[in-house]
Structures are given as C-alpha cells and as structure tokens.
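> what's the 3D shape of this:
(one chain, ligands or ions: 3)
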Amino acid sequence: MMRTRPLKVALLGCGVVGSEVARIMTTHADDLAARIGAPVELAGVAVRRPSKVREGIPAELITTDATALVKRGDIDVVVEVIGGIEPARTLITTAFEHGASVVSANKALLAEDGATLYAAAEEHGRDLYFEAAVAGAIPLIRPLRESLAGDKINRVMGIVNGTTNFILDAMDTSGAGYSEALDEATALGYAEADPTADVEGFDAAAKAAILAGIAFHTRVRLDDVYREGMTEVTSADFASAKRMGCTIKLLAICERAADGESVTARVHPAMIPLSHPLASVREAYNAVFVEAEAAGQLMFYGPGAGGSPTASAVLGDLVAVCRNKLNEATGPGESAYTQLPVSPMGDVVTRYHISLDVADKPGVLAQVATVFAEHGVSIDTVRQQGKDGEASLVVVTHRAPDAALSGTVEALRKLDTVRGVASIMRVEGE
Ligand SMILES: NC(=O)C1=CN([C@@H]2O[C@H](COP(=O)(O)OP(=O)(O)OC[C@H]3O[C@@H](n4cnc5c(N)ncnc54)[C@H](O)[C@@H]3O)[C@@H](O)[C@H]2O)C=CC1
Ligand SMILES: N[C@@H](CC=O)C(=O)O
Ligand code: NA
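Ligands and ions are numbered 1, 2, ... in the order given. Sure thing, here's the model as predicted:
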C-alpha cells in the first residue's frame, strides 16, 4: 500500500549530476513513488550560485546553506553530489547525525576517508550508498557488495574513467590531440571539476581503492593505490601498440596475491591486445572484469560518466535507500574483516613493452640483452629499426616483477650505447 506522507530528499550540489538527479526525480515522480511505496519529495537543494536559473526546480527550494539543510531533521535522504573532501565529509556525517541516510557519487571522499563515513552511518543506523561513485551508470558496487557476497573475488580489472578513455580513444582512432579531446570530454560533462584528477589517474585510483576494498573485504585507501596517469602517452606509443596488434587503455587492476595473504591495486596505461574485450571499449564507456572463484569471469559494461548516466545510478540508490527506510531496515555497511596488507607495486608481476633509443652499432643488442638477463627479466621479442647511426629497439618481456623491471631500466640508462628510454609500458590482458 502506498504511504501518502512523502519521503524528503535534500540535494547537495546541482551541477552536471545534481541537475539530472533533480530532473529525473521530477519527471519520474509517479514511477519512483510506485516503486518505493511512498512519494519522494525534493525538499531542498544546496547550491553555490543561487542566482543561476535552474529549470524545473522551484526557487524556494534553493539554499546556499548546505549545513542548515542537512541539519533540518525532517530530511530522510541526503544526496551528495558536490564532490571533493570538505565540506562534503562534514555534510555527510552531519546528515547521519540528524537522522538522514546518504547517497553519494563522491569517489574521492570514499577513497580518502570511507571509514569515517561508514562508521558514522553505522553509529546512527543509517544507509550509505554510492553506486555512482564507480563506473557511472554501470551496476557494479551493488553486485560486488550484495550479489557476489557469497563468492571469493580474486581480481577486478577494467576501464573506470570515462574522460581518459574518451581521450585515448580519440587519439587512437582519429589521431585527435590530447587537449582537444580533453576539452570535448569536459564539455560533455565527463571530466572532474579539476580534470587533473582524470588525466593523472587520481579518479581511477580512487575507484580502484573502493573496488579493492569491497572485493577483498579489506580497507584500501587512495594512497595504497599505485598510480600513473595518461598524460605521457604519445602517438608514437599508439603506433608501437598497433605494430604489436594492441591498443592503449588506462587500466585499474586490483588483485589478490596467489597465497591470498595480500592484495595489490594499481592504475596505469597499458597495452592490451585488440582481441581483448577492453580494447573495443570506446568513448566514455567503462568496462570492468570481475574474477570470482565460483562465478568465474564476469564483465560489466556501460556508460561510465556524464550527467544522465550517473544520475541513473544515484536514483537507483535513492530508491533502495527509501525502500530500506520504509522497511525500517538498512543495507550493507562496511565489510573490512580480512585486513589484508596492500603490497607495493614492486611485487606486481606483469609484461612490459620498452622502447629504447640506442646507438646503431654491433654488440648493442647483446649488451641490452645482458642487462635484462642480469635482472632476471626474460625477453619475449625484440624489434630493431636503424637510421643514421641511431636505432630504436623495442623489447617486449615475459612476465616479471615490477621491481626487476625498474632495476633493468635503471641499469639500461647507465649504458653508453643507450641514448634514452623512450617509453615503458605494461602489457596486460594476454
Ligand atoms: N560528472 C560525472 O560524469 C560523474 C561525477 N561523479 C561525481 O559526482 C559529483 C558531482 O560531479 P559533477 O556534477 O560532475 O560536478 P559539478 O562540478 O558539475 O557539480 C558540483 C556542484 O556542486 C556545487 N557545490 C560545490 N560546493 C558546494 C557547496 N558547499 N554547497 C552547495 N553546492 C556546492 C558546485 O557549484 C557545482 O555546481 C563528484 O563527486 C563527481 O566525482 C561521479 C560519477 C560521474
Ligand atoms: N570524471 C569521471 C566521472 C565519472 O566517474 C570519469 O571521467 O570517469
Ligand atoms: Na556504478
């Protein structure tokens, strides 16, 4: 039976995502009410610029005082789509203290200090949902927290940043320049307020921390995640990747060690074979593979960024939280009982593509091969291209620990015959 008294929602932030949340809440009000079992009412919208015209949002709902809004006491759910660490963290914990549950899209905050948010939610018996925080519209957090709660997840790997995938795809397929593609991604609402978070890999690293934490039931923070952005990927790297039958993607990879005693989490550009399903993930789409002991391999795919797709995930959470509220129940809280250590990047084992500028003279290849052998890094293929006494040497290795590869590169740089290390890229997905 439908409850007539509405559930009240406070919206914090009315930018790319918030404005879409408000629009869908208004246009789909009847359907949402029917699915929840009670009407949901937008009871207040906290913004920074109150003078801005916001179609469909009554002016009397707009406030610049987000703190007063979350303290009102009659609010059932706070939707936080401001972003950043503060004031978002204080607003969320204050919302819990005043009886509201929270839906957030804020991966930066969850990766930085998720523990504080979970603890506040638990202390006050409220919900913390954040499907939108990882891979936009793709249902991923809920499957990991709930559907796969009975399985053992060993690996999560995928493309979790729409902006950088959009840029890399444009560089690869149309030869577009980096800045031009970034401007387009920003105009389409994919990029973070500060796009450095996207291109330097911080956003993907935050998502990797969240995914690893949930998948391995352990606490993983942003600082635990090895991170390399994609700003140094060049058209020469794409050409090299093409020659190997590969393309380049910014990947997030979270793994449980073979002995089960530790985990790793990393974000970096990597070459992947064109035959791999991730190679055909275009534009701002995301895709994530989850490997679980009993389920085997699962793939989640869909729009990873943008106002409307992200609002879809927020609205899904809003419905779930409202249903819980009506049933006087709460959804899953933090599950971090394993407390596994996060190993350093040096322990990660993978393949590498190394491009060297060398002198084109006899014995150079043997010298380079010796350095690899001395560091225990086995070579798979070598390709040499000479020109005017200089040559480019492209070495692809077998699987080796990252620490061994770093030692190899350090030693290569010291060789007189090696003029420079043009690029080092990991090779994944084979
Ligand atoms: N845009 C996207 O594709 C996605 C965004 N997200 C996350 O959603 C959140 C919001 O992102 P966007 O809407 O894209 O950002 P945005 O920058 O378009 O919107 C944020 C809004 O919050 C407002 N704001 C900032 N501080 C405020 C305060 N103290 N009180 C009231 N309003 C305040 C800003 O003026 C801005 O309008 C972020 O956490 C972001 O990481 C998550 C998934 C996808
Ligand atoms: N800036 C992010 C937005 C979604 O999380 C991205 O590009 O993926
Ligand atoms: Na999602």
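> and stretch 35-51, how far out from the chain middle?
Relative to the centre of its chain, stretch 35-51 is centred 27 Å away, using Cα atoms, centre = their mean, to the nearest Å.
> who's in contact with it?
With contacts defined as Cβ atoms under 8 Å, 6 or more residues apart in numbering, stretch 35-51 is touched by 1-14, 18, 22, 25-26, 29, 32-33, 54, 57, 61-66, 69, 72, 74-75, 77, 82, 318-319, 322-323, 326. Bear in mind the C-beta positions are built from the backbone N, C-alpha and C, glycine included.
> filter these by proximity to ligand 1?
12-14, 18, 66, 82 (Cβ under 6 Å from any ligand atom).
> I'd like those residues laid out as CSV, including secondary structure and pLDDT.
What follows is those, written out as CSV (DSSP: H, G, I helix; E, B strand; the rest coil; pLDDT from 0 to 100):
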residue, secondary structure, pLDDT
12, strand, 98
13, coil, 98
14, coil, 98
18, helix, 98
66, helix, 98
82, coil, 98
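> among the residues you listed, pick out the one closest to residue 90, please.
residue 66 (9.5 Å; Cβ to Cβ).
> for the nearest residue to that closest one once chain neighbours are set aside, give its distance to ligand 3.
Sequence neighbours aside, residue 46 is the residue nearest to residue 66 in space, at 3.6 Å (criterion: Cβ to Cβ, 6 or more residues apart in numbering). The gap separating residue 46 from ligand 3 is 23 Å, by Cβ to the ion, to the nearest Å.
> next one: residue 247 from residue 272, what distance?
To residue 272, residue 247 is 6 Å away according to Cβ to Cβ, to the nearest Å.
> what is in contact with these two at once?
Contacts common to residue 247 and residue 272, judged by Cβ under 8 Å, 6+ apart, are residue 279.
> picking that back up, so which of the contacts of stretch 35-51 are in strands?
In this view, the contacts of stretch 35-51 that belong to strands under DSSP state E are 7-12, 62-63, 77.
> tell me who's in contact with whatever residue of the stretch 201-350 of the chain ends up closest to ligand 3.
Nearest residue of the stretch 201-350 of the chain to ligand 3 (Cβ to the ion) works out as residue 313 at 4.7 Å. Applying Cβ under 8 Å, 6+ apart, we find residue 313 in contact with 105, 131-132, 136-139.
> before we move on, what SS does it have?
helix (DSSP: H, G, I helix; E, B strand; the rest coil).
> show the pLDDT at whichever residue of the chain sits closest to ligand 1.
Taking Cβ to the nearest ligand atom, ligand 1 has its nearest neighbour within the chain at residue 15, 2.0 Å off. According to the prediction, residue 15 has pLDDT 97.
> excluding chain neighbours, give the residue nearest to it in space.
residue 81 (7.1 Å).
> can you tell me which of the contacts of residue 313 are buried?
105, 131-132, 136-138 (16 or more other Cβ atoms under 10 Å).
> need these in CSV (columns: pLDDT, distance to ligand 1 and secondary structure).
Below are the buried ones among the contacts of residue 313 laid out as CSV (pLDDT from 0 to 100; distance: Cβ to the nearest ligand atom, whole Å; DSSP: H, G, I helix; E, B strand; the rest coil):
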residue, pLDDT, distance to ligand 1, secondary structure
105, 98, 3, coil
131, 98, 10, helix
132, 98, 5, helix
136, 97, 5, coil
137, 98, 9, coil
138, 98, 11, coil
